[in-house]
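Asks: Sharing a sequence plus its predicted fold:
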Amino acid sequence: MRLVGHRGASPVSETRSRMMRGKLSRLITILLAGFLSVPLFAQDSGGSPPGRVARLSVMEGKVSLQVAGSDQWSEASLNYPLTTGDRLYTDQGGRSELQIGHSAVRLSEGTDLTIVNLTDQLMQLGLGQGTIRVSVFMMPPGNSIEVDTPNGALALLEPGNYRMDSDPNGNGTLVIVNRGSLQVSGGGTDQRLERGQAAKLTGSESVELEMVSPPSSDSFDQWSRTRDHRLESAASAEYVGRGVPGYDDLDEYGRWETLPGYGPVWHPVAVPADWVPYRYGRWMWVEPWGWTWVEEEPWGFCPFHYGRWALIGPRWCWLPGPVLVAPVYAPALVVFVGGPNFRIGVGSFAAWFPLGPGEPYYPSYHYGGDYLRQVNVTNIRNVTNITNITNVTNVTDIRYVNKGRAITAVPADVIQSGQPVGRRVLRVPPEVLSKAAVIPHPLRGDTQDSVERFSAIPASFRDQEPTAAGAHTFPRAAEGDV
C-alpha cells in the first residue's frame, strides 16, 4: 500500500462520483477484456521495479492524486513520481502534465486519468472522463501505448499528437489524430484512424464509431503545442537523453559548461547560499521503491533521480548519464549514514549525502536480474569497469567524495511525517561527521501502519505558505548568468 499527502474526501461531488464510478466500472470491463492480469506494481521477471515513472511536471489550478491501493484523495505535488495504479484528477480551471519517457500526457480541466500499467515497454492509461492530449515524440521498438476509454481502447501506433475527450455525462468519446495513427478496438469495433481524422465513439458493450470533422483548436490545444515546442527545442537535449523527464527545465534554471575531467556539466543558478543537493524537499514512501525524494526545486526531477553530483570549485554541478541509452529512474541517488558513533544531540535522526561521479548506487529496495548494473550504467558517464561497481560487497569500503562536504541531517520524524527537510536541518560538527558510517538502509516503513504514518503530509505543512527558513523559490536563469 502506498499513501501520500493529506487523506481527505474525493475532489469531485458525490453526484459526479456516482457517475464516475459507473463509467469506471465500464472502463474496468474494457481493461480486463484486453489485459487480463496486471500486477499492482509492474516489475520485470527478476522482481525489479520499472525503469521509468510518470513525472508530474506541470500543475495549474487544483490537481488531486489518489495513489494505488488507496480510496482517498490528496493534493498533488509537483515532481511527484506516479506509477501503476495511480489516479490523477484536474479540477475545473486546472491543467496538468505528465512526462513519461518519450511521451507527454496533458490533462485539461475536469479530467480523471488512471495509470493502469506502466512498465519499461508499456504505458496504459485509463481515461474516466475529461480531455487529454498525448504527445509521442519517439516510440522505441517493442513499446506500446494504449488509452482506454469508456467507449473503447485506443492503441497509439506511431509518434504523433492525439486528443481524447470523454464526456462526463456518458455521451461518448471524441478521438482526434492530429498526427500519427491509432487503432480503435472494443465492443465489436476495429478501425484505424490516420492523421487529420477524428471519430466519435458511443456505447460500451457494443461500440459505434462515427467519423466526424476535427473541431477547431482551443486554448488547451494551443497550450499543449507550446509545451511540445519547449520539449522539442530544449538545448539540454544535447547533453541529456530525451527520455529523461525534466531535461527541458534545465535550460531555464541553469547553465551548461564543459570541464576537463568531467565533460559537460550543468549547474543551477540563483540557489541559496547554503544550497546542497537533496536538502530542499521531502521524503515520501512510494511503492515499490520505498523512500523517495520529492524536490522543491521546479527543475529538480532530472538531476535528483538521474546522474551524479560534484562540487567543482564553489559550485555544485550535475553530471548526467549517457545520452543514447534508456535511463533507469532511481528514487534518490544518495547514501544514508549513521552508526553507533554518529550522534547529534538527543533523539533519533537521519542523515544522507549525494553520490559523486562514478560512485555506485545500491538500492535499499528489492531488485533482481541485471537491475543493479542498469541503474548504474545509465546514470554514470565514462564507466570503464562496471564490474568494480556491481561487485562491491560492503558499502562501507567505498570512499565517497561528498561524504564530508554535503551531509544533510534532520530529526527522524522529519522523514517519518513527510515534512520539508530544509526547515529542520541539524548542524553536524566536524568531529561527529568523521564518525559517520555508511548504512545500507534508511528508515523503513515495513508495515501498513508505518507506511500510512510515514508517508502522510500533515495538513499544516500542506496548506501553509512557505517560509524563508524552510522553503525557497528558485529563480530562472537570466541572460548573462554564469
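Replies: Good, I have the coordinates.
Asks: Give me the contacts around stretch 200-220.
Replies: 26, 29-30, 95, 106, 108, 131, 133, 149-152, 171-176, 178, 184, 186-189, 191, 196-199 (CB atoms under 8 Å, 6 or more residues apart in numbering). C-beta here means a position set from N, CA and C on the backbone, and glycine is covered the same way.
Asks: cool, stretch 275-282 as well?
Replies: Applying CB under 8 Å, 6+ apart, the set of residues contacting stretch 275-282 is 268, 272, 293-297, 300, 303-304, 309, 316, 318, 332, 334, 352-354, 406, 408, 418-422, 425, 457, 471-472.
Asks: just stretch 179-189 next, same as before
Replies: The contact list for stretch 179-189, computed with CB under 8 Å, 6+ apart, reads 30, 33-34, 136, 151-162, 175, 190-195, 199, 201, 203-209.
Asks: Check this structure for its longest strand and report it.
Replies: Counting residues, the longest strand in the chain under DSSP state E turns out to be strand 122-136.
Asks: Could you point out the helix or strand that follows that strand?
Replies: Next in sequence after strand 122-136, counting helices and strands by DSSP states H and E, comes strand 144-149.
Asks: Whatever helix or strand comes next after that following strand pairs with which strands?
Replies: Remark: after strand 144-149, the chain's next helix or strand is strand 152-156, criterion DSSP H and E. The pairing partners recorded for strand 152-156 under DSSP bridges are strand 144-149 (antiparallel), strand 182-186 (antiparallel).
Asks: about what we covered before: kindly give a single PyMOL line that selects the buried subset of the contacts of stretch 275-282.
Replies: Typed into PyMOL, the line below selects the buried ones among these, using 16 or more other CB atoms under 10 Å:
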select buried, resi 268+293+294+295+296+297+300+303+304+309+316+318+332+334+352+353+354+406+408+418+419+420+421+422+425+457+471+472
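Asks: Among the contacts of stretch 275-282, name the ones in strands.
Replies: If you go by DSSP E, the contacts of stretch 275-282 have Pro268, Trp293, Val294, Glu295, Trp309, Trp316, Trp318, Val334, Trp352, Phe353, Pro354, Thr408 in strands.
Asks: Turn those residues into JSON lines, columns for pLDDT and distance to Pro50.
Replies: As requested, the ones in strands among the contacts of stretch 275-282 are exported to JSON lines (pLDDT from 0 to 100; distance: CB to CB, whole Å):
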{"residue": "Pro268", "pLDDT": "97", "distance to Pro50": "28"}
{"residue": "Trp293", "pLDDT": "97", "distance to Pro50": "18"}
{"residue": "Val294", "pLDDT": "97", "distance to Pro50": "18"}
{"residue": "Glu295", "pLDDT": "97", "distance to Pro50": "20"}
{"residue": "Trp309", "pLDDT": "98", "distance to Pro50": "24"}
{"residue": "Trp316", "pLDDT": "97", "distance to Pro50": "29"}
{"residue": "Trp318", "pLDDT": "98", "distance to Pro50": "23"}
{"residue": "Val334", "pLDDT": "97", "distance to Pro50": "20"}
{"residue": "Trp352", "pLDDT": "96", "distance to Pro50": "24"}
{"residue": "Phe353", "pLDDT": "96", "distance to Pro50": "27"}
{"residue": "Pro354", "pLDDT": "98", "distance to Pro50": "23"}
{"residue": "Thr408", "pLDDT": "95", "distance to Pro50": "28"}
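Asks: Filter the contacts of stretch 179-189 down to the buried ones.
Replies: Buried among these (16+ other CB under 10 Å): 30, 136, 151-157, 159-162, 175, 193, 199, 201, 203-204, 207, 209.
Asks: so Thr114 touches Asp86, yeah?
Replies: Yes - between Thr114 and Asp86 there is a contact under CB atoms under 8 Å: 7.3 Å.
Asks: Count the neighbours of the spatially closest residue to Gly152 that is not a sequence neighbour for me.
Replies: Ranked by CB to CB, 6 or more residues apart in numbering and with sequence neighbours excluded, the top spatial neighbour of Gly152 is Gly186, at 4.1 Å. Gly186 has 23 neighbouring residues, counting by other CB atoms under 10 Å.
Asks: before we move on, what about Leu324?
Replies: Neighbour count for Leu324, taken as other CB under 10 Å: 5.
Asks: Read off the pLDDT value for it.
Replies: The model reports Leu324 with a pLDDT of 81.
Asks: next one: Ala273
Replies: The model's pLDDT for Ala273 equals 83.
Asks: Next, work out how far apart it and Ser64 are.
Replies: From Ala273 across to Ser64, the span is 36 Å (CB to CB, to the nearest Å).
Asks: which stretches of the stretch 301-450 of the chain form helices?
Replies: Counting by DSSP state H, counting those that start in this stretch, the segments of the stretch 301-450 of the chain that form helices are 301-305, 371-377, 386-390, 412-416, 430-433, 448-455.
Asks: least reliable of the ones you listed going by mean pLDDT?
Replies: Comparing mean pLDDT over the helices of the stretch 301-450 of the chain, the weakest stretch is helix 448-455, at a mean of 32.
Asks: coming back round to it: of the contacts of stretch 200-220, buried ones?
Replies: Members of those classed as buried by 16+ other CB under 10 Å are 26, 30, 95, 106, 108, 131, 133, 149-152, 172-176, 178, 184, 186-187, 189, 197-199.
Asks: quick revisit: out of the contacts of stretch 200-220, list just those in strands.
Replies: 95, 106, 131, 133, 149, 152, 173-176, 178, 184, 186, 189, 191, 198-199.
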